[in-house]
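**Student:** Build the 3D model from these lines:
(2 chains)
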Protein chains: 2
Amino acid sequence: MFIDMKETAKLLKEKNKILLLSNSHPDGDTLGSATALAYALKQLGKRVAAKCGDRIPECFDFMFNGMENEEFEPEFIVAVDVADPKLLGKEFEGIYGSKIDLCIDHHGSNVIYADRTWLEGESASTAEMMYLLLCELETEINPQIASCLFTGVATDTGCFRFSNTKIRTFEIAAKLAAMGADTYNIIQVFFETKTKTYAALEKLAIEGMRFYCNDRCAFITVMQDMYRKSGSDESEVDRLANLPRQIEGVLVGVTMRELKDGSFKASVRTHGDIDASAICGRLGGGGHMGAAGCTLYGTKQQATNSLIKEIQDEINRFLAE
Amino acid sequence: MFIDMKETAKLLKEKNKILLLSNSHPDGDTLGSATALAYALKQLGKRVAAKCGDRIPECFDFMFNGMENEEFEPEFIVAVDVADPKLLGKEFEGIYGSKIDLCIDHHGSNVIYADRTWLEGESASTAEMMYLLLCELETEINPQIASCLFTGVATDTGCFRFSNTKIRTFEIAAKLAAMGADTYNIIQVFFETKTKTYAALEKLAIEGMRFYCNDRCAFITVMQDMYRKSGSDESEVDRLANLPRQIEGVLVGVTMRELKDGSFKASVRTHGDIDASAICGRLGGGGHMGAAGCTLYGTKQQATNSLIKEIQDEINRFLAE
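**Tutor:** Below is the predicted model:
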């Protein structure tokens, strides 16, 4: 059942012992939105815990400063920015996957698994929705909460660069800045700082970039041995996803990385009206119009070929229009 | 004589046959601010021309769509975002350098050469000041003018990433977006599109990056032969300036490029309280706290050494505090 923002606020006000769940392999939006909501619900006197099925990278530590995750038997479980219970991670999917009472999400590809879903597929981030929800709940947005939300707003728009960035995005960013969000340091950490290991990985990735589909598709492949050569690891690989699409004339940028089990995870980024979620959807994945992902099996060549085929089809469709 | 925004508005209202001048080697702020002011003054029924001493790169063409630069003997000359008459370019400096009636600028290093100067050293861009001025003038900010101003706001803050980005920056960006600025395409052009030749130049630059001052300074040098190897040219080199400072632990990033006459032009970018304009000021240049530039002479090694000496001094000063 779909509900709207006001109904979501009303529902949350009625509940207690609320467990908030984020995506595994967590990003700034799923964690920033969940922690912001957790602080807001605590202000309303509720018992709240915010959990994630994976280790949380250090760069997000500031979100959890002062957060005491209480132990209790949850009475109401909320998935935040989670499009599919599979994305909770294996363990959490097993425990909570079929028991999600409410999902708050902005992924058009959401599989609608929760009892109630507040979905805004046009929103650039779940954090934008969460900002509006907190305004509706009339809780205080202090500088820490503003920083949590700003992290989601900034990271899910590539720091205001992706096509999902709307007037509302800038307006909410301005409000959060005025409320004390540490905008400069957040942007430095997530966009303007490269570890030396990441810089080395990026160099290897750019050296190995290949072009397909008459140069309309740029393709980076990150193999496990590139982590060894650069000293980097999977925690740093997400930032590469935006590089291939930046090349002039490229309509589809792909960053495909080899996982430890030999399968491949692909991030697809597109320009204009080329639908990344359609490309990935046909390969069992999903996401947004401009940014989507999927998992691929077989050899590197097989994985590349199956992806290129779908990309070529989508480009053909686009050019035929 | 220093004047404020209201005095600037009053002064402009009294004048006619107004010539607006931008920096040579023009960027988004000097051109966006000048064109926005030109359209506003035209709305007030004035005869206006906006000129630049250099060829204007194609990426700025949209600012001049529908702008008819009338020929007239100027009665009032305004320099926009120009910190020093030298920056008008040799020809324009000769003709207009000593005749500037009004300078509107945000460079703390402005040499105060105009008859009247409205200077806001804390403003992230001249475009932010210009937005406020246009509000004061009560002229319409249509989508084209909003796009001119947004270009200045975005480019001078590295798309909201530099430390000069303030609450006001986000607020003005949001207003301009709501007024119809083509935010997405502007950001794509200036930040998210790399020509293949630029990508090749960037690759060469990153391969040649050197570290000094215990890895606190990262240094890129672009020699003339790198343009030949990459197919790139000087029009694309500015974007490199931000790369060295991105490396973790680096406090000062330098991009030094060889000019055709064998001299070197350095762009210095710093973090936190390290003063780039002090470093460059001691070498005859200037700019802002976080971003400044200077020209250097001698061999590549001599130019590098003199810059590194000043950087080391500034880092020592910073660490001693």
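**Student:** Helices along the stretch 1-150 of chain A, start to end?
**Tutor:** A:5-14, A:28-43, A:90-96, A:126-137, A:143-156 (DSSP state H, counting those that start in this stretch).
**Student:** counting contacts, what elements does the longest one pack onto?
**Tutor:** Put plainly, it is helix A:28-43. For helix A:28-43, the packing partners by 3 or more Cβ pairs under 8 Å, 6 or more residues apart in numbering or on different chains; DSSP states H and E come out as strand A:18-22, strand A:48-52, strand A:76-80, helix A:126-137, helix A:143-156. C-beta coordinates here come from the backbone N, C-alpha and C atoms, glycine included.
**Student:** between that helix and strand A:48-52, how big is the angle?
**Tutor:** Relative orientation of helix A:28-43 versus strand A:48-52 (axes from the mean of the first three to the mean of the last three Cα atoms, to 10 degrees): 160 degrees.
**Student:** For stretch A:87-98, give the mean pLDDT please.
**Tutor:** Mean pLDDT, stretch A:87-98: 96.
**Student:** same deal with stretch A:283-298?
**Tutor:** For stretch A:283-298, the per-residue pLDDT averages 93.
**Student:** next one: stretch A:181-191
**Tutor:** Across stretch A:181-191, pLDDT averages out at 95.
**Student:** which residues are in contact with that stretch?
**Tutor:** The contact list for stretch A:181-191, computed with Cβ atoms under 8 Å, 6 or more residues apart in numbering or on different chains, reads A:28, A:59, A:143, A:146-147, A:149-151, A:154-155, A:158-159, A:173, A:176-177, B:160-161, B:163, B:165, B:170.
**Student:** Strands of chain A, residue ranges please.
**Tutor:** A:18-22, A:48-52, A:76-80, A:102-105, A:116-119, A:210-212, A:217-222, A:252-258, A:264-270, A:286-287, A:291-296 (DSSP state E).
**Student:** need these in TSV with distance to chain B and mean neighbour count, can you?
**Tutor:** Listed next are the strands of chain A as TSV, based on distance: least, Cβ to the nearest Cβ, whole Å; neighbours: other Cβ atoms under 10 Å in any protein chain shown:
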stretch	distance to chain B	mean neighbour count
strand A:18-22	26	27
strand A:48-52	25	22
strand A:76-80	24	26
strand A:102-105	23	25
strand A:116-119	23	20
strand A:210-212	9	15
strand A:217-222	9	23
strand A:252-258	10	24
strand A:264-270	10	25
strand A:286-287	18	22
strand A:291-296	13	22
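**Student:** weakest of those strands by average pLDDT?
**Tutor:** Among those, strand A:286-287 scores lowest, at a mean of 90.
**Student:** closest point of the stretch 1-150 of chain A to chain B, which residue?
**Tutor:** Across the stretch 1-150 of chain A, the shortest distance to chain B (Cβ to the nearest Cβ) belongs to A:F150, at 9.7 Å.
**Student:** so what pLDDT did that residue get?
**Tutor:** In this model, A:F150 carries a pLDDT of 98.
**Student:** Over to A:N242?
**Tutor:** 88.
**Student:** does it really touch A:V254, like I thought?
**Tutor:** No: contact between A:N242 and A:V254 fails when scored by Cβ atoms under 8 Å: they sit 11.4 Å apart.
**Student:** Mind listing the shared neighbours of these two?
**Tutor:** Common neighbours of A:N242 and A:V254 (Cβ under 8 Å, 6+ apart) are A:R269.
**Student:** how many neighbours does the residue nearest to A:F60 when sequence neighbours are not counted have?
**Tutor:** Leaving aside its chain neighbours, A:F60 sits nearest to A:L31 (5.1 Å; criterion: Cβ to Cβ, 6 or more residues apart in numbering or on different chains). A count of nearby residues for A:L31, using other Cβ atoms under 10 Å in any protein chain shown, gives 27.
**Student:** that older thread, what's around the nearest residue to the residue of the stretch 1-150 of chain A closest to chain B once chain neighbours are set aside, how many residues?
**Tutor:** Nearest non-adjacent residue to A:F150, counting by Cβ to Cβ, 6+ apart: A:A181, 3.8 Å away. Neighbouring residues of A:A181 were enumerated by other Cβ under 10 Å; the total is 26.
**Student:** now swap in the one 5 residues further on and tell me
**Tutor:** A total of 23 residues lie near A:I186 under the criterion other Cβ under 10 Å.
**Student:** same deal with A:D225?
**Tutor:** If we define neighbours as other Cβ under 10 Å, then A:D225 has 10 of them.
**Student:** And for the one 5 residues further on?
**Tutor:** A:S230: 21 surrounding residues under other Cβ under 10 Å.
**Student:** try the one 4 residues further on
**Tutor:** Using other Cβ under 10 Å, A:E234 has 15 neighbouring residues.
**Student:** which ones are touching it?
**Tutor:** Counting by Cβ under 8 Å, 6+ apart, A:E234 touches A:Y227, A:R257, A:L259.
**Student:** What parts of the stretch 151-300 of chain A come near chain B?
**Tutor:** Contacts of the stretch 151-300 of chain A with chain B, taken as Cβ under 8 Å from any Cβ of the partner chain, map to A:159-161, A:163, A:165-167, A:170-171, A:173-174, A:177-178, A:183-184, A:187-188, A:191-196, A:199, A:203, A:206-207, A:242, A:245-249.
**Student:** at 7 Å instead, please
**Tutor:** A:159-161, A:163, A:165, A:167, A:170-171, A:173-174, A:177-178, A:183-184, A:187, A:191-196, A:199, A:203, A:206, A:246-248 (Cβ under 7 Å from any Cβ of the partner chain).
**Student:** Could you find the closest non-adjacent residue to A:E314?
**Tutor:** Using Cβ to Cβ, 6+ apart, the nearest residue to A:E314 is A:I279, at 5.1 Å.
**Student:** any idea how far A:H288 is from A:G28?
**Tutor:** 16 Å (Cβ to Cβ, to the nearest Å).
**Student:** I misspoke; the intended subject was A:A177.
**Tutor:** 16 Å.
**Student:** More neighbours: which of these two?
**Tutor:** A:G28 (26 against 23).
**Student:** Going by neighbour count, which residues of stretch A:299-314 are buried?
**Tutor:** A:A303, A:T304, A:S306, A:L307, A:I308, A:E310, A:I311, A:Q312, A:E314 (16 or more other Cβ atoms under 10 Å in any protein chain shown).
**Student:** which residues does the third one contact?
**Tutor:** If a contact means Cβ atoms under 7 Å, 6 or more residues apart in numbering or on different chains, then A:S306 has A:L283, A:L296 as its contacts.
**Student:** switch the cut-off to 10 Å
**Tutor:** Going by Cβ atoms under 10 Å, 6 or more residues apart in numbering or on different chains, A:S306 touches A:F264, A:A266, A:R282, A:L283, A:C294, A:L296, A:Y297, A:G298.
**Student:** In JSON lines: these, plus distance to B:V222.
**Tutor:** Output for those, formatted as JSON lines (distance: Cβ to Cβ, whole Å):
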{"residue": "A:F264", "distance to B:V222": "36"}
{"residue": "A:A266", "distance to B:V222": "34"}
{"residue": "A:R282", "distance to B:V222": "43"}
{"residue": "A:L283", "distance to B:V222": "41"}
{"residue": "A:C294", "distance to B:V222": "39"}
{"residue": "A:L296", "distance to B:V222": "39"}
{"residue": "A:Y297", "distance to B:V222": "44"}
{"residue": "A:G298", "distance to B:V222": "42"}
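**Student:** Between the helices and strands packed on helix A:28-43, which one is closest to B:E75.
**Tutor:** helix A:143-156 (46.4 Å; Cβ to Cβ).
**Student:** Output the contacting helices and strands for that closest one.
**Tutor:** Where contact means 3 or more Cβ pairs under 10 Å, 6 or more residues apart in numbering or on different chains; DSSP states H and E, helix A:143-156 is packed against helix A:28-43, helix A:126-137, helix A:167-178, helix A:183-187.
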